[in-house]
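Q: Quick one, structure for this:
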Amino acid sequence: MTRFAAIDFETACHRADSACALGVVIVEGGRIVERLYDVIRPPTRQFSFTYVHGLTWNDVKDARTFDAVWGAFARELAGIDFFAAHNAPFDRGVLRACCTTYDLPTPSPPFVCTVRLARAQWGIRPTTLPDVCRHLGVTLRHHQADSDAEACARIVIAAQQAGWRYDGGAA
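A: Here you go, the predicted structure:
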């Protein structure tokens, strides 16, 4: 039975370690079993992407830092087969940079990119998250980390229902 975590980061600025929100949705056997969300206090006060996600320094200044948030999510993430993310190189890069900044080991599960998955499974183009969600009838509040992570999870579930199987590698 496949167990995976759909993950989405929102970042404060162009620094890869500037995660300011994290959404994680755990899926086991084709069903969502856990939803996790938290805001994160990034290492600097610089916010360049408020216009994208609506978060400001005042929203996160009293929040936990990445290491504390990641530590709180660790138990639920144990035993996953893979991470899924829409435009996985971005989220994988944020995760690696945050782990480096906070001297944490980078998690070993590979990433499955739902952009690539949607193109391969359904031939969708363009493959933005809103486009894929519209095609699949998935509700989305774009650039809200919890909603983006759940949408990503639902893309993988839909692909599994259409016959896609995780083969053990990154995609």
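Q: and Gly79, how many neighbours?
A: For Gly79, the number of neighbouring residues by other Cβ atoms under 10 Å comes to 11. No exception for glycine: its C-beta is placed from N, CA and C like everyone else's.
Q: That one contacts Arg3, correct?
A: Yes. With contacts counted by Cβ atoms under 8 Å, Gly79 reaches Arg3, the gap being 5.9 Å.
Q: same for the helix ranked longest in the chain, what does it pack against?
A: Ranked by number of residues, the top helix in the chain under DSSP state H is helix 145-161. Here helix 145-161 is seen to pack against strand 3-11, strand 19-28, strand 31-39, strand 82-85, helix 114-122, helix 129-136 when contacts are counted using 3 or more Cβ pairs under 8 Å, 6 or more residues apart in numbering; DSSP states H and E.
Q: Am I right that His53 is in contact with Arg141?
A: No. His53 sits out of contact with Arg141 when judged by Cβ under 8 Å, with a separation of 10.2 Å.
Q: So, low pLDDT: which residues of the chain?
A: When the per-residue scores of the chain are filtered using pLDDT under 70, the ranges that remain are 170-171.
Q: can you rerun that using 80?
A: Within the chain, the ranges that satisfy pLDDT under 80 run 1, 169-171.
Q: so which helix or strand takes in Met95?
A: Quick fix: residue 95 is Leu, not Met. Leu95 is located in helix 88-101, with elements delineated by DSSP states H and E.
Q: And for that helix, what's in contact with it?
A: 7-9, 11, 15-17, 19, 43, 66, 70, 83, 85, 104-107, 111-116, 170 (Cβ atoms under 8 Å, 6 or more residues apart in numbering).
Q: again, but for stretch 151-162
A: Surrounding stretch 151-162, the residues in contact under the criterion Cβ under 8 Å, 6+ apart are 2, 4, 6-8, 25, 27, 30-32, 84-86, 112, 114, 117-118, 121-122, 129, 132-133, 136, 138-140, 164.
Q: Thanks a lot, catch you later.
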